[in-house]
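Undergrad: sequence and predicted structure, then a few things I'm wondering about:
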Amino acid sequence: MFEAVIAVCLEVTAGPCREQLLPGYEAETQAICEQGLAADPPLLNLDQTKGTARCQPVGKALDFSEVAPGVYVHRGRIEEPDTANLGDVSNIGFVIGDDSVAVIDTGTAPWMGEGIWRAIRERTEKPVSHVILTHMHPDHVLGTAPLAQAGALVVAHPGLERALLDRRLNYIESLSSLIGASELIGVGSITVDQSVDAEDEIDLGNRILTLRTWPTAHTGTDLTVLDQGSGILFTGDLVFHEHTPALDGRLIGWKEVLTEMTEMQVKQIVPGHGGPVLDWPDGATDMLRYLNVLETDTRAALDQGQRLGDAVETIAESEAEHWDLFDAYNPRNATVAFTELEWE
């Protein structure tokens, strides 16, 4: 199989550059791929492209496992983004219906969106109709561009587009230092085509996905996706497994949302990190324990009149043995929790 690519650069004259996939030109032979390019030339940003589009053997697909009929999950690494993993640190899914495919989260960079596209094309020629983003964090959304360029509608919480607009440049700057500037070429702004105010459904053809937004919890833009066919719920980062939870919203709100989620009639979940599949509601046990300890210890520190700098050294330390990346995330969580509960 062959696919079309073109070089895109931060600056055409100086670089750095990367090869960008042009989705939709896949063909069994190079000649047929080139005929497709000639018949329907892609729309390109000439300020970023270098040279001309060309056809070459299909690149590497992202690795996915089929966890239920028509439901596929990629398990990200339990690591911080770096030049070795190139940002492959969160879970990604896609669901195939009779008519089309929906992708759930897109990873940290465009190369991941391209890897998702190739993985789907290994399994079906059905169009990718929707990209559903579970929240605003960069490791879940910055791979969206290739799939949106292929015609997928971007679906998300009503607040996600604005939240990303405010943070995108900071995200890109930070990630460029971690995984390399060239990997972020082509990220672009993310436009949400379909906002979910409370609950909505997407029909992929005899395959219904139920989307639900939640009050501020992990973030202010959390959304879950329930595949009615399999009973599997994609939670995004409302549920962490192995990876220390990351609080970027409201501690009390997160506890309330997670408790409500445990009452949902679902068989299994795909968390935002870890898993990749957990039984439910058993899969919430570690999360609820951690959030309860975080609250209890924070309230104790406040009652004792501790200063924030001292409190973050001890809050939730009893949880350290249960989680990976604890030192990277727990102090941030303690800071957010302390600030929230201090002003109750």
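TA: Now that the structure is in, tell me what you want to look at.

Undergrad: any idea how far the helix or strand containing V155 is from the chain center?
TA: Element membership for V155, per DSSP states H and E: strand 153-156. Relative to its chain's centre, strand 153-156 lies at 13 Å (C-alpha atoms, centre = their mean, to the nearest Å).

Undergrad: all helices of the stretch 101-250 of the chain, in order?
TA: Assigned by DSSP state H, counting those that start in this stretch, the stretch 101-250 of the chain shows helices spanning 110-121, 138-141, 145-149, 160-179.

Undergrad: compile these into JSON lines and extend it with columns for mean pLDDT and distance to W254.
TA: Quick note: C-beta positions are derived from backbone N, CA and C, even for glycine. Listed next are those as JSON lines, based on pLDDT from 0 to 100; distance: least, C-beta to C-beta, whole Å:
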{"stretch": "helix 110-121", "mean pLDDT": "98", "distance to W254": "26"}
{"stretch": "helix 138-141", "mean pLDDT": "98", "distance to W254": "17"}
{"stretch": "helix 145-149", "mean pLDDT": "95", "distance to W254": "29"}
{"stretch": "helix 160-179", "mean pLDDT": "94", "distance to W254": "17"}
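
Undergrad: so which of these gets nearest P245?
TA: Of all these, it is helix 138-141 that lies closest to P245, at 14.0 Å by C-beta to C-beta.

Undergrad: if we can go back for a sec, run through the neighbouring helices and strands of the strand holding V155.
TA: Strand 153-156 sits against strand 128-132, strand 194-195, with contacts defined as 3 or more C-beta pairs under 8 Å, 6 or more residues apart in numbering; DSSP states H and E.

Undergrad: which residues does stretch 142-149 contact?
TA: For stretch 142-149, the surrounding residues in contact (C-beta atoms under 8 Å, 6 or more residues apart in numbering) are 20-21, 23, 87, 103, 106-114, 116-117, 128, 131, 133, 154, 171-172, 175, 184, 186-188, 190-191.

Undergrad: for stretch 195-213, same thing?
TA: Residues from elsewhere that reach stretch 195-213 (C-beta under 8 Å, 6+ apart): 70, 95-102, 129-130, 132, 155-158, 194, 222-229.

Undergrad: shaky segments in this structure?
TA: Low-confidence segments of the chain (pLDDT under 70): 12-15, 46-47.

Undergrad: the stretch 151-300 of the chain: strands as residue ranges?
TA: Per DSSP state E, counting those that start in this stretch, the stretch 151-300 of the chain has strands spanning 153-156, 194-195, 199-203, 208-213, 223-227, 232-240, 268-273, 278-279. These are given in chain order.

Undergrad: mind putting those in TSV, distance to T298 and mean neighbour count included?
TA: Output for those, formatted as TSV (distance: least, C-beta to C-beta, whole Å; neighbours: other C-beta atoms under 10 Å):
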stretch	distance to T298	mean neighbour count
strand 153-156	30	23
strand 194-195	33	14
strand 199-203	32	14
strand 208-213	27	18
strand 223-227	26	25
strand 232-240	18	27
strand 268-273	23	26
strand 278-279	26	16
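
Undergrad: could I get these in JSON lines, plus columns for distance to W323?
TA: Converted to JSON lines, the strands of the stretch 151-300 of the chain look like this (distance: least, C-beta to C-beta, whole Å):
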{"stretch": "strand 153-156", "distance to W323": "28"}
{"stretch": "strand 194-195", "distance to W323": "33"}
{"stretch": "strand 199-203", "distance to W323": "32"}
{"stretch": "strand 208-213", "distance to W323": "27"}
{"stretch": "strand 223-227", "distance to W323": "22"}
{"stretch": "strand 232-240", "distance to W323": "8"}
{"stretch": "strand 268-273", "distance to W323": "11"}
{"stretch": "strand 278-279", "distance to W323": "15"}
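
Undergrad: the ones you listed: which one's closest to A53?
TA: Nearest of the strands of the stretch 151-300 of the chain to A53, taken as C-beta to C-beta: strand 153-156 at 24.1 Å.

Undergrad: just checking: what are the partner strands of that closest one?
TA: strand 128-132 (parallel), strand 194-195 (parallel) (DSSP bridges).

Undergrad: out of the ones you listed, the one nearest G274 is which?
TA: Across these, closest to G274 is strand 128-132 (C-beta to C-beta), at 19.8 Å.

Undergrad: the inter-axis angle of that closest one versus strand 223-227?
TA: 140 degrees (axes from the mean of the first three to the mean of the last three C-alpha atoms, to 10 degrees).

Undergrad: quick one, strand 128-132 and strand 232-240 angle?
TA: Using the same axes, to 10 degrees: strand 128-132 against strand 232-240 is 30 degrees.

Undergrad: quick one: strand 128-132 to chain centroid distance?
TA: The answer for strand 128-132 is 13 Å, by C-alpha atoms, centre = their mean.

Undergrad: contacting residues around the closest residue to R118 other than its chain neighbours?
TA: Excluding the flanking residues, the one nearest R118 by C-beta to C-beta, 6 or more residues apart in numbering is A61, at 3.7 Å. Neighbouring residues of A61 by C-beta under 8 Å, 6+ apart: 115, 118-119, 121-122.
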